[in-house]
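Chemist: quick one: sequence and predicted model below, then my questions.
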Amino acid sequence: MNKSHTPGPDQASRSATGMSRRDSLKLGAASAVAAGLGLAPSQQAQAEDVPPGPPTAPWTMPLTVMRPKKPVAELLPPPTREAGPKEAGRAPHQIWGEPPHALYRIVVKEGQHSFHPNLPTQTIRGYDGTFPGPCIVSRYDEAALVRFVNQIDPYAVGFGSPEISVHLHNLHCASESDGFAGDYWGTLRHGPGLTRAGNYKDHLFMNYYAGFSTDPNGVGDPREALGTLWFHDHRMDYTEQNVYRGMIGSYILFDEIDSGNENDPNPQALRLPSGVGTYDQVLMISDVQFDASGNMVFNPMSENKGHLGNKITVNGKIQPYFRVQRRKYRFRFVDASVARFYEFYLMNGTNSEDFQYIANDGNLLEAPLTMNRVRLAPGERSDIVIDFSKYPLGTKLYLVNRLAMKDGRGPEGLVSRGTEVLRFDVAANPTTPDNSRVPERLREQPPIDLSQVTKRRFWDFDKKNSMWAVNSELFDVEKPAAVIPKGSTEIWTLQGHGSWFHPIHIHMEEFRILSRNGKAPPPHERGRKDVVALAPDERVEVLIKFRDFTGKYVMHCHNLSHEDHAMMIRFDVV
């Protein structure tokens, strides 16, 4: 692999102090605690590792609605298969032919953001300078090329890194566009996975169904369509800090089945509630820690259990309200927190209301489930449909998190009242007839065929010398822990330990959960997934295929402090 001759942040730190950030943490420098960080309980977020934070009045501002970002007519300089002269030194795009259907330009930069009127405006680093970043809406078989332009000052101070690596979480895509942890870059420095720094980097998302390269028709398997995706930073050693500071955004995919049109005359169309930003809403949920003066804080040298906030935000706002019509809505939940698990209930007074649960990790289930809760680990997604026609005008319903966490180890259990994070105000009758529906059947799943399995692998998630490890090894960005032939089908056993939860995310391909401690997974986890929450001492078996693309990918814990402190492996598909 071509190595950089310009110092990255870790190299620069080593030359100045004699040790890298990771080495210093390994040797115990994490005992340093930033001013203002204590061990008091937080009522709003039910955590013991952070102070309660300043008071904020609830329901003072509307929910920020995620509307589709508009593509641009052209990019200058024009995209090319090989990296352009001023582009970060990526590998050539594995597929290159007709021009992409849509072009996008996203500028990664600092911006000013208000989480709440009672708090000071904060300086965040985000996609297009917003928190959260934009929402891209695309369709299968319509390629999208997204140019990420890095305008963060390479000498910027404060937590986080000015070098970035953007990962589109859950997309089946080529390695050079996946956001490999070592493919970080800025205008001055770059990671070992790239050949040079640059002003921008082009990511090509073909939006093909998995299996397209072996399908005689070149289409792939529509049963493996994805729906709710999100993108976030994945810079090695700094993912937690960059994500926490605002580098998150959403990406929605439609096809002829989940078509995004509730009036679609196509008999195959599901006609789910539609219109991204209208009756189809993205809810990106993240918790933020504020000090007594209301400023967003993060201590990168604190113990690496996992960072918890004292305020929960929905689309970047603390306890917003959302006015709805008396009709059906689709809500796409994204746990964009760096460590916090959630369990949400829809409360009407003291009653917990039912809704239709239609997708896990953004993948439609075979049939909807009637449920009254949504459980999410960091990185997980769930889609639900709420029918507000059941409620009279003036009704107020609350989305409540009842899952307590006192520190980054994982959830402690349910509390009786919980934290209200979003209020739904039933404010109007439908302006047009509600032709949406939730049919009895959603998307067929591919059968599980164990006769195709070519290899089994075992992955053990535990601690080693106060660092997080996989199979007792720390992450090696330049050495693959597994080399996998393209086209393989494997069973991976994931083993947890101790008193820690680890939400495990595998890049490139989705998987099917075969068992949890020898038992079948619950109904909502029987579809395709890309994150599995590994409970303490739990053993999970998953079936996974490796198709269509080659290159370097990763598997890691999505408690991003665990990831940054080496609980990650590289695997190469060849």
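Modeler: On my side now, so go ahead.

Chemist: number of nearby residues for Lys311?
Modeler: Under the neighbour criterion other C-beta atoms under 10 Å, Lys311 is assigned a count of 26. Any C-beta I mention is one placed from the backbone N, CA and C, and that applies to glycine too.

Chemist: report the separation between it and Pro132.
Modeler: From Lys311 across to Pro132, the span is 15 Å (C-beta to C-beta, to the nearest Å).

Chemist: Gly191 and Val477 touch, don't they?
Modeler: Yes: counting by C-beta atoms under 8 Å, a contact exists between Gly191 and Val477, whose distance comes to 7.4 Å.

Chemist: what's the overlap in contacts for those two?
Modeler: Contact criterion C-beta atoms under 8 Å, 6 or more residues apart in numbering; residues bridging Gly191 and Val477 by contacting each: Ala181, Gly182, Met236.

Chemist: give me the subset of these lying in helices.
Modeler: The members of the shared contacts of Gly191 and Val477 all map outside helices under DSSP state H.

Chemist: mind putting those residues into CSV with distance to Phe159 and neighbour count?
Modeler: Formatted as CSV, the entries for those read as follows, by distance: C-beta to C-beta, whole Å; neighbours: other C-beta atoms under 10 Å:
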residue, distance to Phe159, neighbour count
Ala181, 18, 27
Gly182, 21, 22
Met236, 16, 27
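
Chemist: in JSON lines, list those along with pLDDT.
Modeler: Rendered in JSON lines, the data for the shared contacts of Gly191 and Val477 read as follows (pLDDT from 0 to 100):
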{"residue": "Ala181", "pLDDT": "98"}
{"residue": "Gly182", "pLDDT": "98"}
{"residue": "Met236", "pLDDT": "98"}
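
Chemist: wait, which of the residues you listed is closest to Phe331?
Modeler: Ala181 (30.7 Å; C-beta to C-beta).

Chemist: just give the closest residue to that closest one, not the sequence neighbours.
Modeler: Nearest non-adjacent residue to Ala181, counting by C-beta to C-beta, 6 or more residues apart in numbering: Met236, 4.0 Å away.

Chemist: could you measure from the one you found over to Ala566?
Modeler: Distance of Met236 to Ala566, computed by C-beta to C-beta: 10 Å.

Chemist: give the residues shared as contacts by those two.
Modeler: By C-beta under 8 Å, 6+ apart, Met236 and Ala566 have these common neighbours: Phe475.

Chemist: burial count for Ser499?
Modeler: Ser499: 10 surrounding residues under other C-beta under 10 Å.

Chemist: that one belongs to a helix?
Modeler: No: according to DSSP: H, G, I helix; E, B strand; the rest coil, Ser499 belongs to no helix; its state is coil.

Chemist: I'd say it and Pro411 touch.
Modeler: No: the pair Ser499 / Pro411 is not scored as a contact, 11.5 Å apart, by C-beta under 8 Å.

Chemist: what are the ranges of the strands in the stretch 101-250 of the chain?
Modeler: Under the criterion DSSP state E, counting those that start in this stretch, the stretch 101-250 of the chain contains strands at 102-113, 122-127, 135-139, 144-150, 166-169, 200-205, 228-233, 248-254.

Chemist: find the nearest non-adjacent residue to the spatially most central residue of the chain, please.
Modeler: Ranked by distance to the mean C-alpha position of the chain (C-alpha atoms, centre = their mean), the top residue is Gly379 at 4.1 Å. In space, not counting the residues next to it along the chain, Gly379 is nearest to His558; the distance is 3.7 Å by C-beta to C-beta, 6+ apart.

Chemist: who's in contact with that neighbour?
Modeler: For His558, the contacting residues are Ala377, Pro378, Gly379, Pro503, Ile504, His505, Val531, by C-beta under 8 Å, 6+ apart.

Chemist: let's see that with 10 Å instead.
Modeler: With contacts taken as C-beta atoms under 10 Å, 6 or more residues apart in numbering, His558 has the following neighbours: 169, 239, 335, 337-339, 377-380, 502-505, 530-533, 567.

Chemist: Leu369 too?
Modeler: For Leu369, the set of contacting residues under the criterion of C-beta under 10 Å, 6+ apart consists of Asp354, Phe355, Gln356, Tyr357, Ile358, Asn360, Ile384, Pro522, Pro523, His524, Arg526.

Chemist: quick one, which of these are buried?
Modeler: By neighbour count, with 16 or more other C-beta atoms under 10 Å, the contacts of Leu369 hold Phe355, Gln356, Tyr357, Ile358, Asn360, Ile384, His524, Arg526 as buried.

Chemist: out of those residues, which is nearest to Thr214?
Modeler: The closest of those, once distances to Thr214 are taken by C-beta to C-beta, is Arg526, at 25.1 Å.

Chemist: surely the closest one touches Glu366?
Modeler: Yes: Arg526 is within contact range of Glu366, at 8.0 Å (criterion: C-beta atoms under 10 Å).

Chemist: overlap of the contact sets of the two?
Modeler: When contacts are counted by C-beta under 10 Å, 6+ apart, Arg526 and Glu366 have Gln445 as shared neighbours.

Chemist: state the pLDDT value of Ala102.
Modeler: pLDDT for Ala102: 98.

Chemist: need the contact list for it.
Modeler: 69-72, 136-139, 142-146, 205, 207.

Chemist: buried subset of these, written for ChimeraX?
Modeler: Those of the contacts of Ala102 that count as buried under 16+ other C-beta under 10 Å are selected in ChimeraX with:
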select :69,71,136,137,138,139,143,144,145,146,205,207
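
Chemist: which one among the contacts of Ala102 gets closest to Ile484?
Modeler: Out of the contacts of Ala102, the member with the shortest distance to Ile484 (by C-beta to C-beta) is Phe205, at 22.2 Å.

Chemist: return the residues in contact with that closest one.
Modeler: 100, 102, 104, 136, 138, 142-146, 168, 171-174, 177-178, 229, 231, 251, 253.

Chemist: with adjacent residues omitted, what lies nearest to it?
Modeler: In space, Phe205 comes closest to Ala144 once its chain neighbours are excluded; the distance is 4.8 Å by C-beta to C-beta, 6+ apart.
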